[in-house]
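>>> sequence and predicted structure are below.
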4 protein chains.
Amino acid sequence: MKNTFGNNITLTLFGESHGPAIGAVLDGLAPGIEIDEGYISLKMEQRSGLPLLSTSRREPDKVRLISGVFNGKTTGTPLCILIENKDVKSGDYTYGPARPGHADFAAFMKYHGYEDYRGGGHFSGRLTAPFTAAGAILLKALKNKGILIGTHIKKCAGIFDRAFDDYAADIEYLDRAVFPCLKETAGEDIKSAVRKAAESHDSVGGILETAVTGLNAGLGEPWFDSLESCLSHAVFSVPAVKGIEFGKGFELADMTGSAANDPLRFQGGSVVSLTNNNGGINGGISNGMPLLFSTAIKPTPSISKPQQSIDFIKGENTDIKIKGRHDPAIVHRAAPVLSCAAALVICDLLCARYGTDYLK
Amino acid sequence: MKNTFGNNITLTLFGESHGPAIGAVLDGLAPGIEIDEGYISLKMEQRSGLPLLSTSRREPDKVRLISGVFNGKTTGTPLCILIENKDVKSGDYTYGPARPGHADFAAFMKYHGYEDYRGGGHFSGRLTAPFTAAGAILLKALKNKGILIGTHIKKCAGIFDRAFDDYAADIEYLDRAVFPCLKETAGEDIKSAVRKAAESHDSVGGILETAVTGLNAGLGEPWFDSLESCLSHAVFSVPAVKGIEFGKGFELADMTGSAANDPLRFQGGSVVSLTNNNGGINGGISNGMPLLFSTAIKPTPSISKPQQSIDFIKGENTDIKIKGRHDPAIVHRAAPVLSCAAALVICDLLCARYGTDYLK
Amino acid sequence: MKNTFGNNITLTLFGESHGPAIGAVLDGLAPGIEIDEGYISLKMEQRSGLPLLSTSRREPDKVRLISGVFNGKTTGTPLCILIENKDVKSGDYTYGPARPGHADFAAFMKYHGYEDYRGGGHFSGRLTAPFTAAGAILLKALKNKGILIGTHIKKCAGIFDRAFDDYAADIEYLDRAVFPCLKETAGEDIKSAVRKAAESHDSVGGILETAVTGLNAGLGEPWFDSLESCLSHAVFSVPAVKGIEFGKGFELADMTGSAANDPLRFQGGSVVSLTNNNGGINGGISNGMPLLFSTAIKPTPSISKPQQSIDFIKGENTDIKIKGRHDPAIVHRAAPVLSCAAALVICDLLCARYGTDYLK
Amino acid sequence: MKNTFGNNITLTLFGESHGPAIGAVLDGLAPGIEIDEGYISLKMEQRSGLPLLSTSRREPDKVRLISGVFNGKTTGTPLCILIENKDVKSGDYTYGPARPGHADFAAFMKYHGYEDYRGGGHFSGRLTAPFTAAGAILLKALKNKGILIGTHIKKCAGIFDRAFDDYAADIEYLDRAVFPCLKETAGEDIKSAVRKAAESHDSVGGILETAVTGLNAGLGEPWFDSLESCLSHAVFSVPAVKGIEFGKGFELADMTGSAANDPLRFQGGSVVSLTNNNGGINGGISNGMPLLFSTAIKPTPSISKPQQSIDFIKGENTDIKIKGRHDPAIVHRAAPVLSCAAALVICDLLCARYGTDYLK
């Protein structure tokens, strides 16, 4: 398999930024899952981001469900999502100098110059749109099983959001939020900082934190398909992600075993740990505690500041000043996509464990 | 697939800590790859660690190649590695209280009590022995193609090693090193710190850094099988890994785009970037620069200090004082295993791209 | 994986007979493969069959290439094929009695009644249209590498076509043929017999024979991914196939070893066998002789004669007289689809063996 | 994946005929499945065949369960089976002329001469021993769920066994039978015919018929992973299989739709078909009727009669007279292996559908 993820629930993405359409095929879904078009739209809007912060390319991103849905419910056959590319301004792009921080040069080495270079082609962040549409279906199905997933900005431009507190309430809030911050003032400060970056023709990155509650213990495999392995596999597909850590992650490297180990206790009949430094996973397997991971998002590589680069057609050094419509930050737009990536992994593992019809 | 990794080169691990043997099946290898038994032994010894620092269980870890090798070379058919478990002291272990930080409770939830609980069973770090034997074959084959992989301790117990400088020389040094530090004094200080942790019945973690040079540009897929996805998938199979970052990783979250983007230049006919903040990967695809990633290793969970825990057979809270033979640190032992994990991914992607016989 | 085939080249089909569109995603293609739209149309027409013999539902079956193609060549990214469903007469179909010989009842047991039952839904033979479009791209790429694939009707309604003689010439003829018979009179006789079956409100089946020449020796795996395994896997996806045999197939069961074994000889520097009873495959691996297999196609289950059936909504026995537009035979229409199935397997194995760019 | 089969339950075979051992890794099993060593031995003996008919190489074939079993039950982790090669007479084999009908030449083209040519190496029928040991575990687990699988010789050397009658009773008989014929006289006649073939330094083939009863309706996928696709994929891994047909198979090609379609009826509350021409599968999905398929087994290629061949080391034509220990027929020995292949597919699909723990 190449551009497909999953074993029991699989997702394939296709399309180029300036081609006729982009889309996805989601396979392995149980028959009878309700399609909530409003919920899909909500996630699509959260992915689109706020007008002030994000690219001025405004796609209506109308999601067409081409197959696998009948009478408003999944049929159990492959579900194809199609999103037409409407607002295409190819004139903004040429096979010019490689954009630093982008895939342009790596893609050229892989595809020998046959790649569709317009607007990032298949590498475009636009492909997170069908990813999100597919993910919204999965997020909703998980919600119906009591499994909640939410992602907030832990940190952006040096500004911290508050940590998760009451998981269920916080995730419910994020599920509807226009901007994925738990603390309102943090959100406002981050927006200001992003606008400031835009004004200086630059961009900023950040850290996202994703939480999953209500997750069954016992998911994941000891070797190779550990829960961390599967989640990181999906998460590193999301453009701009350059790091992931579970629970305390890199902080654990500085802790002693006695501080890092999560003490176990019975609490109201079920087993809990008094701390959650391991982020809900031991030995690659979910332990019933909230699953927690943080993701490093690099600053958007498309900036209008001049940069040193190469023209690999001409074979010479050059400077580049990227024109066109670009995001000064994508961290807020990546938040719902990360929740979708987590939903994909969790649905896949749930169906492996409990069978096809589990999500119905 | 469950406990198997890879598409074109695949690795399956099997075995339990106190069963008759542990092993691996490595499939997809080109025919005609030379088996260097001395090199396998070297990697096995590096994985075993120094006597002073590591578990007092000393396994001879004699590697038997059961299949797939003929006249000292690979045949191209599945290669089975078998390592008998000799020094088994099952008396040290019982299905007692769950060990905090270990998989005991999660495994119980997954396997309903049928798991082989002795010595961690299938979750035991001992399974990194066949992983390493398989990896040694791959590391050697890559070396013959000019692709070098090395891992050193970036930080342990608060002590930093120096960064990679001359990659080829540093990796060559690590390839033979008894202790995986580039700076000798850092190594000595780390060993002292680990011994001190052992004396206080505790353990320490650390950060490992892995470098790959000589790697072809153009490896990896834009969506789902990005190079970061595949590497992190393999790396999170290694016990105790709780985080991974590529290039500057989490630091990128605090940088601006203009600082984070790696400027591109022609240098002696080939394309290089003046910085390597992206760790040799753009858009999920190798760009020809050295591949660099860091991994967070949590402190060994087995400590002899008393800890709060549960007895899930009796269904009650209890305290646990772990007896037996344990490592106060595994960070140095994990170093060669991470190189093996990287080798597995890179061989898999090389064979996908260039065909079965590429590694011959 | 569920509804996806292949490891290095993968094909996923989606869509329902009466949904908005049907389609396919073909992934793993080398960049730079020329898209010959005329050749795709030719294969689509061969799949459509002759007006007199086939369903009176006439779809223009316009193939849209949504992604993965740029400037008339593959980009190397997933190629999505979309075919809109235009001539939909849903009124002809209701969730009525199960049609004997069709998937209706089995599908109901699998999908619990959520399946799109209109016109066979996802089970419809219409999905061979995107299969054929994808296959046409692969067939053309193989042809450019000197690998030729052709399928003719070996037998239909008791009438035999002649055997393959000069493979290259015969396959070249079939590649362009309006009706897939090597002997013209056999073709005419078969057409008459099919028309006669239609007049008696019945249908007929047949046997197809597929040949592949120019195929590299050494393709396939000894266990599980034998060439026969992979070919049969793909071939049994084609609706109405109920049997497959390689070389002499079932006849071999009645032969002695001395008659069945193919004697080997050097001929003009290369190794040939004097007979080809094994159909070009030994031990699951191609041996350089023409690959030959025959496929049993059952008679079209949709007939207008009254049949005993059940109404599984009402839970009672009933009789059914199938209305609507149906084929009295599909054997001629299945012929190009089988060539496509073979092309898919062969491309997948070639890319596994020789790498991604082999088909460029 | 190469030499591994399955998605949720996977089997990997390894080993060479004259290497230290052969074996298998069976992964994905539910924890808590009882290991019935007597049943494994029974299947191993059935695979070994009767002394008079089969190779004079007598391996004790002692099955060692290396991992994945604890206290007599599966743990849920990968189960490794190991069978030492004891009775190895390598002197009988050299890298001599290619044996017609064998994989020797094809293997040479694939492995470039690095293959272990002794005794067929990895292609040896001996690898069906670990396949059978793994299959016995699955067959027993299915039996406990009411799913019965049996294979008999439908025809050998022109002699026909009777058809299945009372499936449950017939399969129960075959499960224990020393020779897999339902009619005793047919068995005796076949044995005589095989002995006669041996006396004339030749060999015979045959047709096997496999039945599965008690199988859940709704297994299999509409495209690519049809039940026929998955079964044929596994079945063509078994050496000497050259054809497979489901239900009436190739006979369907000569039938009309009205004769071929299986009429449906309610019978005692459940849905049955009055005939079973489709062999229990419609549209790739099980329909609840007995699953039936027949398999063509070619005559053993190893015969002591002189044959035309080549010496591909010397690059010249030669004659070959195969010495050593060979079977004049393997059809009876292949019977339990085919049941194992069917069990593997069915377990894989059941676990995909109903989850990991279904077989417990």
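Structure received.
>>> in the stretch 251-360 of chain A, which spans are strands?
In order along the chain, the stretch 251-360 of chain A carries the following strands (DSSP state E, counting those that start in this stretch): A:264-267, A:270-273, A:281-282, A:285-286, A:291-297, A:307-311, A:316-320.
>>> mean neighbour count and distance to chain C for those strands - can I get that in TSV?
For the C-beta atoms, the positions are set from N, CA and C on the backbone; glycine is no exception. Output for the strands of the stretch 251-360 of chain A, formatted as TSV (neighbours: other CB atoms under 10 Å in any protein chain shown; distance: least, CB to the nearest CB, whole Å):
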stretch	mean neighbour count	distance to chain C
strand A:264-267	17	38
strand A:270-273	18	32
strand A:281-282	28	25
strand A:285-286	24	23
strand A:291-297	27	24
strand A:307-311	21	19
strand A:316-320	15	22
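>>> nearest to residue C:347, of these?
When the strands of the stretch 251-360 of chain A are ranked by distance to residue C:347, counting by CB to CB, first place goes to strand A:307-311 at 34.4 Å.
>>> who does the closest one pair up with?
According to DSSP bridges, strand A:307-311 has the following sheet partners: strand A:316-320 (antiparallel).
>>> C-alpha coordinates for the strand it pairs with, PDB please?
Written as PDB, here are the backbone C-alpha positions of strand A:316-320 (Å, rounded to 0.1, in the frame of the first residue of the first chain):
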ATOM      1  CA  GLU A 316      21.000  27.700 -10.700                       C
ATOM      2  CA  ASN A 317      20.700  29.500  -7.400                       C
ATOM      3  CA  THR A 318      18.100  32.200  -7.200                       C
ATOM      4  CA  ASP A 319      16.000  34.100  -4.700                       C
ATOM      5  CA  ILE A 320      12.300  33.600  -4.300                       C
END
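>>> so for it, mean pLDDT?
Strand A:316-320 comes out with an average pLDDT of 94.
>>> what does stretch A:201-218 give?
Taken as a whole, stretch A:201-218 carries a mean pLDDT of 97.
>>> where does pLDDT dip in the stretch 251-360 of chain A?
Along the stretch 251-360 of chain A, the parts satisfying pLDDT under 70 run over A:325.
>>> which residue ranges form the helices in chain A?
Assigned by DSSP state H, the helices in chain A fall at A:37-48, A:104-111, A:128-144, A:167-176, A:184-199, A:227-235, A:257-260, A:331-354.
>>> and residue A:163, how far is that from chain B?
Separation of residue A:163 from chain B (CB to the nearest CB, to the nearest Å) stands at 16 Å.
>>> one step back: can you add distance to residue A:239 and give the strands of the stretch 251-360 of chain A back as JSON lines?
As requested, the strands of the stretch 251-360 of chain A are arranged in JSON lines below (distance: least, CB to CB, whole Å):
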{"stretch": "strand A:264-267", "distance to residue A:239": "39"}
{"stretch": "strand A:270-273", "distance to residue A:239": "34"}
{"stretch": "strand A:281-282", "distance to residue A:239": "25"}
{"stretch": "strand A:285-286", "distance to residue A:239": "27"}
{"stretch": "strand A:291-297", "distance to residue A:239": "9"}
{"stretch": "strand A:307-311", "distance to residue A:239": "19"}
{"stretch": "strand A:316-320", "distance to residue A:239": "19"}
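>>> out of these, which is closest to residue D:17?
Using CB to CB as the measure, strand A:285-286 is the one of the strands of the stretch 251-360 of chain A that comes nearest residue D:17, at 39.1 Å.
>>> one step back: show me the one of the strands of the stretch 251-360 of chain A that comes nearest residue A:72.
When those are ranked by proximity to residue A:72, the top entry is strand A:291-297, at 30.6 Å, counting by CB to CB.
>>> residue A:245: what's it in contact with?
With contact set as CB atoms under 8 Å, 6 or more residues apart in numbering or on different chains, residue A:245 has these partners: A:293, A:294, B:242, B:243, B:244, B:245, B:250, B:296.
>>> do the same with residue A:37
By CB under 8 Å, 6+ apart, the contact list for residue A:37 reads residue A:63.
>>> can you check residue A:316 too?
When the contact criterion is CB under 8 Å, 6+ apart, the partners of residue A:316 are A:310, B:266.
>>> please tell me how far it sits from residue A:303.
From residue A:316 over to residue A:303 the distance is 22 Å, taken as CB to CB, to the nearest Å.
>>> OK, now which residue of chain A is nearest to chain D?
Chain A approaches chain D most closely through residue A:355 (3.7 Å), counting by CB to the nearest CB.
>>> neighbours of that residue, how many?
21 (other CB atoms under 10 Å in any protein chain shown).
>>> that one contacts residue D:349, doesn't it?
No: using CB atoms under 8 Å, residue A:355 makes no contact with residue D:349, being 11.0 Å away.
>>> on that earlier part again, nearest to residue A:178, out of the strands of the stretch 251-360 of chain A?
If you check each of these against residue A:178 by CB to CB, strand A:291-297 wins as the nearest, at 18.9 Å.
>>> and that closest one, what does it pack onto?
Packed against strand A:291-297, as judged by 3 or more CB pairs under 8 Å, 6 or more residues apart in numbering or on different chains; DSSP states H and E, are the following elements: strand A:206-213, helix A:227-235, strand A:241-246, helix A:331-354.
>>> can you list the ones you listed in JSON lines and add distance to residue B:191?
As requested, the helices and strands packed on strand A:291-297 are arranged in JSON lines below (distance: least, CB to CB, whole Å):
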{"stretch": "strand A:206-213", "distance to residue B:191": "33"}
{"stretch": "helix A:227-235", "distance to residue B:191": "29"}
{"stretch": "strand A:241-246", "distance to residue B:191": "26"}
{"stretch": "helix A:331-354", "distance to residue B:191": "39"}
